[in-house]
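Peer 1: Sequence and predicted structure below; questions after.
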Amino acid sequence: MLTLTDWRFLKARSPEDADQGLPREDTGGWEKYSIGKDAFNLKKGFGWFSTTLNNPPAGVTQIQLEFRSVDENATVFVNGIRLGRHEGWNSPFGFTINRADTLRTPIVLTLFVEN
């Protein structure tokens, strides 16, 4: 098991931002983020969280993503492809990456979170 680090956060305007596609990597305003920090300052808000996974070893055909919790709803993307959505506060959830188009490297994990 590996805990992902080097997260970045970009504030979003509304829940519809998730339907309009991921922000570009060179979009200004990305900030460093540490797991456990409240990116929303105890207020309602929306935002993008992104990190890059280490390259999987040769021959790996799937990766299991396990989230202990997200505050509150999350839409999960890998390399720009939407994997799915989780609704609920502080409950664990997971997704499996097992498609060739999502296993290409680098693997960029992006979450759109509705706080």
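Peer 2: In hand now; what should we look at? Computed from a predicted structure; not experimentally measured. Numbers count the residues shown, from 1 in each chain.

Peer 1: Dihedrals phi and psi, the closest residue to H86 other than its chain neighbours?
Peer 2: The shortest distance from H86 to any non-neighbouring residue, by CB to CB, 6 or more residues apart in numbering, is to F93 (4.3 Å). Placement of C-beta: from N, CA and C, glycine included. Dihedral pair for F93: phi -160, psi 170, per degrees, to the nearest 10.

Peer 1: Next, count neighbours for F93.
Peer 2: Neighbours of F93 under the rule other CB atoms under 10 Å: 17.

Peer 1: Could you check how far T51 is from R13?
Peer 2: For T51, the distance to R13 (CB to CB, to the nearest Å) stands at 22 Å.

Peer 1: about what we covered before: got a list of what the residue nearest to H86 touches?
Peer 2: Residues in contact with F93 (CB atoms under 8 Å, 6 or more residues apart in numbering) are 66-67, 70, 74, 86.

Peer 1: Could you list which of those belong to strands?
Peer 2: Mapping these onto strands (DSSP state E) picks out 66-67, 74, 86.

Peer 1: pretty sure D19 belongs to a strand, no?
Peer 2: No - counting by DSSP: H, G, I helix; E, B strand; the rest coil, D19 is located in no strand; its state is helix.

Peer 1: From N79, how far off is it?
Peer 2: 18 Å.

Peer 1: Comparing these two, which residue is more hemmed in?
Peer 2: N79 (18 against 10).

Peer 1: for that one, what are its contacts?
Peer 2: 101-102, 104, 107-108.

Peer 1: Please tabulate the residues you listed in JSON lines, including the columns distance to I35, neighbour count and pLDDT.
Peer 2: Putting the contacts of N79 into JSON lines (distance: CB to CB, whole Å; neighbours: other CB atoms under 10 Å; pLDDT from 0 to 100) gives the following:
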{"residue": "D101", "distance to I35": "27", "neighbour count": "9", "pLDDT": "73"}
{"residue": "T102", "distance to I35": "22", "neighbour count": "19", "pLDDT": "75"}
{"residue": "R104", "distance to I35": "25", "neighbour count": "11", "pLDDT": "77"}
{"residue": "I107", "distance to I35": "18", "neighbour count": "17", "pLDDT": "89"}
{"residue": "V108", "distance to I35": "17", "neighbour count": "16", "pLDDT": "92"}
